[in-house]
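*Asks:* Got a sequence here, can you build the structure:
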Amino acid sequence: MTGRDPDVIVVGAGLACAKYLNDHHVSVRIIEASDALVGRVRTDKVDGFLLDRGFQVLRGNASIEGALISGRRAAEAIIRDIH
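*Replies:* I've put the predicted structure just below:
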């Protein structure tokens with residue numbers, strides 16, 4: 001972190017968008033409520049069992065690729081707005 005204000009603040013569930021912005025030289029600060037940057041995709045240990053959890057379970061046929069495309073589209077719109 002450089003100490004200067006970021007161009008964009010991403011609040012939760014926006015890692016794909018934040019990465020795309022960062023790759024295009026837009027400074028980003030991510031604010032996340034949970035203790036890890038995992039969003040809906042994660043593995044939890046419950047009673048000794050590993051449970052893979054992902055947004056595709058919550059949203060039907062959604063895919064990781066779909067999430068990345070959505071993040072990229074959001075980032076492209078942000079880049080257009082700030083430039």
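*Asks:* State the distance from the spatially most central residue of the chain to residue 28.
*Replies:* In the chain, the centroid-proximal residue (Cα atoms, centre = their mean) is residue 15; its distance is 2.0 Å. Per Cβ to Cβ, to the nearest Å, residue 15 is found 10 Å from residue 28. All C-beta spots, glycine's among them, are computed from the backbone N, C-alpha and C.
*Asks:* Show me whatever sits in contact with both of those two.
*Replies:* Residues touching both residue 15 and residue 28 (Cβ atoms under 8 Å, 6 or more residues apart in numbering): there are none.
*Asks:* Which secondary structure state does residue 6 sit in?
*Replies:* Classification of residue 6 using DSSP: H, G, I helix; E, B strand; the rest coil returns coil.
*Asks:* ok, then the element right after the lowest-mean-pLDDT helix or strand in the chain?
*Replies:* When each helix and strand of the chain is scored by mean pLDDT, DSSP states H and E, helix 55-58 comes last, with a mean of 52. Once the chain leaves helix 55-58, the next helix or strand it forms, by DSSP states H and E, is helix 64-82.
*Asks:* Show me what that next one is in contact with.
*Replies:* Taking Cβ under 8 Å, 6+ apart as the rule, helix 64-82 contacts 7-8, 14-21, 24, 26, 41, 55-56.
*Asks:* Pull out the buried members of those residues.
*Replies:* Using 16 or more other Cβ atoms under 10 Å as the burial test, the contacts of helix 64-82 include 8, 14, 15, 16, 17, 18, 19, 20, 21, 26, 55 as buried.
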